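Undergrad: Provide a 3D model corresponding to the input given below.
(2 chains)
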Amino acid sequence: MSCYSLNVLEEEPLGDDNWGETTTAITGTSEHSISQEDIARISKDLEDSVGLDCKRYLGLTVAAVLGLLVFLTPIAFILLPQILWRDDLEPCGTVCEGLFISVAFKLLILLIGTWALFFRQPKADLPRVFVFRALLLVLIFLFVFSYWLFYGVRILDSKDTNYQGIVQYAVSLVDALLFIHYLAIVLLELRQLQPMFTLKVVRSTDGESRYYSLGHLSIQRAALVVLENYYRDFTVYNPALLTASKSRAAKHMAGLKVYNVDGPGNNASGQSRAMIAAAARRRDSSHNELYYEEADHERRVKKRRARLVVAVEEAFTHIKRLQAEEQQKAPGEMMDPREAAQAIFPSMARALQKYLRTTRQQQYHSMESILQHLSFCITNNMTPKAFLERYLNPGPTLQYDRDRWFSKQWTLVSEEAVTSGLQDGIVFVLKCLDFSLVVNVKKIPFIKLSEEFIDPKSHKFVLRLQSETSV
Amino acid sequence: NAFEISSLITILSYLISFSFQQRIEIHKLRQGDNLILGFSIGGGIDQDPTQNPFSEDKTDKGIYVTRVTEGGPAEVAGLQIGDKIMQVNGWDMTMVTHDQARKRLTKRNEEVVRLLVTRQSLQKAVQQSMMS
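TA: Numbers count the residues shown, from 1 in each chain, chains lettered A, B, ... in the order given. Predicted coordinates for the structure are as follows:
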């Protein structure tokens, strides 16, 4: 398995600035203590952001230089004879001048097309070179190089006087460039539009899964699509929700200890198998505990939620929007949305905090963010239910503050080369520090659709009688 | 010989146990303006044979006795529920519509009807009447 690094965000905030001085002493009581995970995270941020930036800028400069060269070539083809041997040239007739116009407009179209297609903000850093793009650049380079070669040998050296022929040569170059642009559109944009594969993405910590449909893409680009959709579709990763299952797992094996009575001879596999068998045979009532615990938790959450909804509804009844005419009448009592939010917030604060604690979401919402959201809802005439939508259920990762994401640096782990295309049965993993996304690729089945014609007049029915007559 | 006797016995038992035909003579009872026979019929070539609870073969479109009123002329004459009526006074009833069957049984100028009925074996009749 080969590992590559994939930077999704361009700038990484460093966090605590004192970390260089305090790394050796990691005690719980010191003021500037950071856990081991944070250190790993910060150091990874640093070393990766420096290395890949150079690569990205190099690629961009090469492409820009080549583009400029390509764009100026036809103009050079037309202008060079005029500059170098103007007197020998045949006069340019109407046909030739018509060709000037066509060159100009085709170049304009090419310029607009290239701007639309290629001049976009790069949204991600991919580990390997983008194969099709590189291929196209090489193709353009060879193409323009061969045109220059021919031009240099046959026209510049021999000082050809047929100006119309030279201009036509330049026009043919521009036509060919337009066709290469068409090829670029087909290869880079159109080919992957038709869905051919379905990807199943499963998060390793809680099993949340989604399906996405993709066309023919390379593995790294498919990974990019998956990550873009991850931030929108998957609920935010909450480590607080995983502690319950971890403690259960610890309890399963904690009750058994293995003693080797027969003497030395460390039979490790035999020991572990014996432990598993003993654990299975033991009358374990942990399933009971789980059931009652979950039922209890559900009831508690529902109760707190009911209290919260009532409190918020009541709070919202205390404010009323002033119409324009009323605004002049009572200037003293008027409040802007922020002040109105601050006025009604205390009445619902306790219920909201208790609910967030029960559902373990309290670290995702600070008081400032709640106040901001409240004033936003008041400004936009939202109902209490609309205000609560953000807090009742955990939302997608994009909804929360960037510090709480737990997922900024991604690594693509794959057994095949990441520039190879997707195929049925490929599995690759997108790892970040705390969890990973396992992606399974399946091909959309070949569908055989046949036709059956039903004549509208063929719908006929018959009565099924069952009568009984007495005689 | 033993062979002949045994074969005769098997034929007779076959005839007796599986299906035997019976001739039943019913004297109609006058009730007001009508002559009633005291039973109900179901079936016919225009009816749905699969809904007939008494027939063994569910494609049989013959006329079956679905109900026999207690103390009526049919019960007195020995007609039983589930009987298939094959003939009425010589008229064939195996390929008639429901209405034709009714008409043949309720002719106003006849006081006596002679039916030829077929009955499944007693055990099967009991089973079916218990199941329906």
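Undergrad: any idea of the pLDDT on the residue of the stretch 251-400 of chain A found nearest chain B?
TA: In the stretch 251-400 of chain A, the residue that lies nearest chain B is A:Tyr291 (45.0 Å; C-beta to the nearest C-beta). Using the backbone N, CA and C atoms, a C-beta is placed for each residue, glycine as well. Looking at A:Tyr291, its pLDDT stands at 92.
Undergrad: now it: how far from A:His297?
TA: 11 Å (C-beta to C-beta, to the nearest Å).
Undergrad: neighbour count winner among the two?
TA: The neighbour count for A:Tyr291 versus A:His297, taken as other C-beta atoms under 10 Å in any protein chain shown, is higher for A:His297 (13 against 10).
Undergrad: circling back to that earlier point, please tell me how far the residue of the stretch 251-400 of chain A closest to chain B sits from A:Arg281.
TA: In terms of C-beta to C-beta, A:Tyr291 sits 21 Å off from A:Arg281.
Undergrad: close to chain A: what parts of chain B are there?
TA: B:36-37, B:39-42, B:46-48, B:51-52, B:66-67, B:69, B:98, B:102, B:105-106 (C-beta under 8 Å from any C-beta of the partner chain).
Undergrad: recalculate using a threshold of 6 Å.
TA: B:Leu37, B:Ser40, B:Ile41, B:Gly42, B:Gln47, B:Asp48, B:Gln51, B:Thr66, B:His98, B:Arg102, B:Leu105, B:Thr106 (C-beta under 6 Å from any C-beta of the partner chain).
Undergrad: among those residues, which one lies nearest to B:Thr59?
TA: B:Asp48 (10.6 Å; C-beta to C-beta).
Undergrad: spit out the contact partners of A:Tyr355.
TA: A:Arg304, A:Leu308 (C-beta atoms under 6 Å, 6 or more residues apart in numbering or on different chains).
Undergrad: number of nearby residues for the closest residue in space to B:Gln21 that isn't next to it in sequence?
TA: Of all residues not flanking B:Gln21 in the chain, B:Thr118 sits nearest, at 5.3 Å (C-beta to C-beta, 6 or more residues apart in numbering or on different chains). Other residues within reach of B:Thr118, judged by other C-beta under 10 Å, total 16.
Undergrad: do I have it right that B:Thr118 meets B:Arg23?
TA: No. Using C-beta atoms under 6 Å, B:Thr118 is not in contact with B:Arg23, being 11.1 Å away.
Undergrad: which element is the residue positioned nearest the centre of chain A on?
TA: By C-alpha atoms, centre = their mean, chain A has its centre lying nearest to A:Glu228, at 0.9 Å. In this structure, A:Glu228 sits in helix A:219-233 according to DSSP states H and E.
Undergrad: and that helix, how far from the chain's centre?
TA: For helix A:219-233, the separation from the chain centroid amounts to 4 Å (computed by C-alpha atoms, centre = their mean, to the nearest Å).
Undergrad: where do the helices sit along chain B?
TA: B:2-18, B:73-77, B:98-105, B:122-131 (DSSP state H).
Undergrad: quick one: secondary structure of A:Ile370?
TA: Secondary structure for A:Ile370, judged by DSSP: H, G, I helix; E, B strand; the rest coil, is helix.
Undergrad: ok, and the closest non-adjacent residue to it?
TA: Per C-beta to C-beta, 6+ apart, closest to A:Ile370 is A:Leu352, 6.9 Å.
Undergrad: now that neighbour: how far from A:Thr317?
TA: Taking C-beta to C-beta, one finds A:Leu352 at 17 Å from A:Thr317.
Undergrad: more neighbours: which of those two?
TA: A:Leu352 (23 against 10).
Undergrad: then the host helix or strand of A:Arg357 to PDB, C-alphas only?
TA: Per DSSP H and E, A:Arg357 falls inside helix A:337-358. Extracted in PDB, the C-alpha atoms of helix A:337-358 (Å, rounded to 0.1, in the frame of the first residue of the first chain):
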ATOM      1  CA  PRO A 337     -31.900  42.300  16.100                       C
ATOM      2  CA  ARG A 338     -28.800  41.800  18.200                       C
ATOM      3  CA  GLU A 339     -30.300  43.500  21.200                       C
ATOM      4  CA  ALA A 340     -33.600  41.700  20.800                       C
ATOM      5  CA  ALA A 341     -31.700  38.400  20.700                       C
ATOM      6  CA  GLN A 342     -29.800  39.300  23.900                       C
ATOM      7  CA  ALA A 343     -33.100  40.200  25.500                       C
ATOM      8  CA  ILE A 344     -34.900  36.900  25.000                       C
ATOM      9  CA  PHE A 345     -31.800  34.600  25.200                       C
ATOM     10  CA  PRO A 346     -31.700  34.200  29.000                       C
ATOM     11  CA  SER A 347     -35.200  32.600  29.100                       C
ATOM     12  CA  MET A 348     -34.200  29.800  26.800                       C
ATOM     13  CA  ALA A 349     -30.500  29.600  27.600                       C
ATOM     14  CA  ARG A 350     -30.800  27.000  30.400                       C
ATOM     15  CA  ALA A 351     -33.100  24.700  28.400                       C
ATOM     16  CA  LEU A 352     -30.900  24.900  25.400                       C
ATOM     17  CA  GLN A 353     -27.700  24.200  27.300                       C
ATOM     18  CA  LYS A 354     -29.200  21.200  29.100                       C
ATOM     19  CA  TYR A 355     -30.400  19.800  25.700                       C
ATOM     20  CA  LEU A 356     -27.000  20.300  24.200                       C
ATOM     21  CA  ARG A 357     -25.300  18.600  27.100                       C
ATOM     22  CA  THR A 358     -27.600  15.600  26.900                       C
END
